[in-house]
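[1] Please find the sequence and the predicted model below.
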Amino acid sequence: MASTLIADLTWYDFAERVKEDPIVFLPIGSVEQHGPHLPLATDTLLPLAVAQQVADRVGGLVAPPVAYGYKSQPKSGGGNHFPGTLSLDAGVLIGLVRNIVNELVRHGVRRIVLFDGHMENQWFLVEAADLALRDQAMLGRTDVRIVKLGYWEFITKATEKVLFPDGFPSWELEHAAVMETSVMLHIRPDLVREELIPDDPAADFPPYDIYPFDTRPIPPTGVLSSAKAASAAKGEAVLAQVVPDIADALIKAFEAPTS
Ligand SMILES: [Zn+2]
């Protein structure tokens with residue numbers, strides 16, 4: 001079967017595939033600490049893998065990912081101060097994603113998914129989508145549609161129970177914890193240092209932020225809740241549920257009228 005990765009195609013392949021009006025996925029990740037056991041690219045590797053599987057189902061294409069993201073926030077990513085966390089200023093991320101969307105549209109793509117792997121990116125992806133649609137409207141083009149999603153938001157209550165039989169902390173505290181570690185154990189076990197998986201208690205943050213941030217509530221490993229219960233089987237269960245659900249949701253989202 002032909003590759004779903006745009007980076008693997010020739011320009012001839014790309015031109016042919018675009019004629020079929022494919023859904024094009026742009027994974028957007030980060031270079032961010034993910035504890036002592038997961039690689040810095042975790043937030044890019046996960047949405048890339050999920051997007052590829054969804055693209056296989058819907059006949060879509062996956063653009064080369066944006067491998068950098070917005071600044072890691074202490075309450076959802078441990079914070080920007082950890083070594084190796086290489087982050088973008090908001091304006092750079094907005095401009096980059098807006099530029100890539102406009103380039104895809106210039107070459108005939110009309111259905112685009114901003115496939116987020118890093119929670120901190122979300123509002124800047126909204127802004128990039130809004131500005132790209134405004135650019136296109138000013139060119140008289142109103143047939144472009146963009147969907148923005150975070151794959152973790154598709155995890156159902158039933159799958160949540162599989163992941164966290166003893167209770168779910170929160171998606172913010174899930175940083176480098178059970179879900180991300182489990183999916184990495186499933187898709188890239190070669191990159192997981194299983195012997196170093198931490199068992200930190202969940203971080204306890206105050207309900208306000210202070211700048212410069214008080215780093216004391218952040219566990220020294222950078223992992224915001226225990227990852228001990230992670231397993232490859234749980235990771236497989238997550239993908240078995242979210243991949244078909246995202247595919248179904250996208251087919252509906254791109255078919256439904258928006259006004
Ligand atoms: Zn992550």
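    Nice, thanks for sending it over.
[2] ok, D56 touching T4?
    Yes - between D56 and T4 there is a contact at 5.9 Å, judged by Cβ atoms under 8 Å. For glycine as for every other residue, the C-beta is placed from the backbone atoms N, C-alpha and C.
[3] Compare neighbour counts for the two and give me the winner.
    It is T4, of D56 and T4, that has more neighbours when counted by other Cβ atoms under 10 Å, with 23 against 14.
[4] hang on, isn't the more buried one packed against G60?
    Yes - the pair T4 / G60 is scored as a contact, 6.5 Å apart, by Cβ under 8 Å.
[5] Could you pick out the longest helix of the chain?
    As assigned by DSSP state H, the longest helix anywhere in the chain is helix 232-255.
[6] Give me the contact list for it.
    23, 49-50, 53-54, 57-58, 111, 113, 145, 147, 149, 151, 154-156, 158-159, 162-163, 178-179, 181-187, 189 (Cβ atoms under 8 Å, 6 or more residues apart in numbering).
[7] what sits in contact with each of T4 and G60?
    Common neighbours of T4 and G60, counting by Cβ under 8 Å, 6+ apart, are absent.
[8] Could you tell me which residues of this protein lie near the ion?
    Within the chain, the residues that sit near the ion (Cβ under 5 Å from the ion) are 42-43, 180.
[9] Just send those residues back as CSV, with neighbour count, pLDDT and secondary structure too.
    As requested, those are exported to CSV (neighbours: other Cβ atoms under 10 Å; pLDDT from 0 to 100; DSSP: H, G, I helix; E, B strand; the rest coil):
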residue, neighbour count, pLDDT, secondary structure
T42, 27, 98, helix
D43, 32, 98, helix
E180, 25, 97, helix
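[10] so where do the helices sit in the stretch 151-259 of the chain?
    157-163, 178-187, 232-255 (DSSP state H, counting those that start in this stretch).
[11] of those, which approaches Q136 most closely?
    In terms of Cβ to Cβ, the element of the helices of the stretch 151-259 of the chain nearest to Q136 is helix 232-255, at 16.1 Å.
[12] Could I get the buried residue list for that closest one?
    Judged by neighbour count using 16 or more other Cβ atoms under 10 Å, the buried positions of helix 232-255 are 232, 234-235, 237-239, 241-243, 245-247, 250, 253-254.
[13] go on, stretch 80-91?
    Neighbour-count burial for stretch 80-91 [16+ other Cβ under 10 Å]: 80, 82, 85, 87-88.
[14] who touches the closest residue to the ion within the stretch 1-150 of the chain in this structure?
    Relative to the ion, the nearest point of the stretch 1-150 of the chain is D43 (4.2 Å; Cβ to the ion). Shown in contact with D43 (Cβ under 8 Å, 6+ apart): 29-30, 32, 34, 69, 117-118.
[15] same thing with D143?
    Taking Cβ under 8 Å, 6+ apart, one finds R110 in contact with D143.
[16] Is it within a helix or a strand, and which one?
    Counting by DSSP states H and E, no helix or strand carries D143.
[17] Could you check how far it is from E172?
    Remark: distance between D143 and E172 (Cβ to Cβ, to the nearest Å) = 36 Å.
[18] Grab the nearest non-local neighbour of the residue in the stretch 151-259 of the chain positioned nearest to the ion.
    Here the stretch 151-259 of the chain gets closest to the ion at one residue, E180, 5.0 Å apart by Cβ to the ion. Setting aside the residues directly before and after it, E180 is nearest to T42 in space (Cβ to Cβ, 6 or more residues apart in numbering), at 5.9 Å.
[19] Equivalent analysis for A49, please.
    Ranked by Cβ to Cβ, 6+ apart and with sequence neighbours excluded, the top spatial neighbour of A49 is I187, at 4.6 Å.
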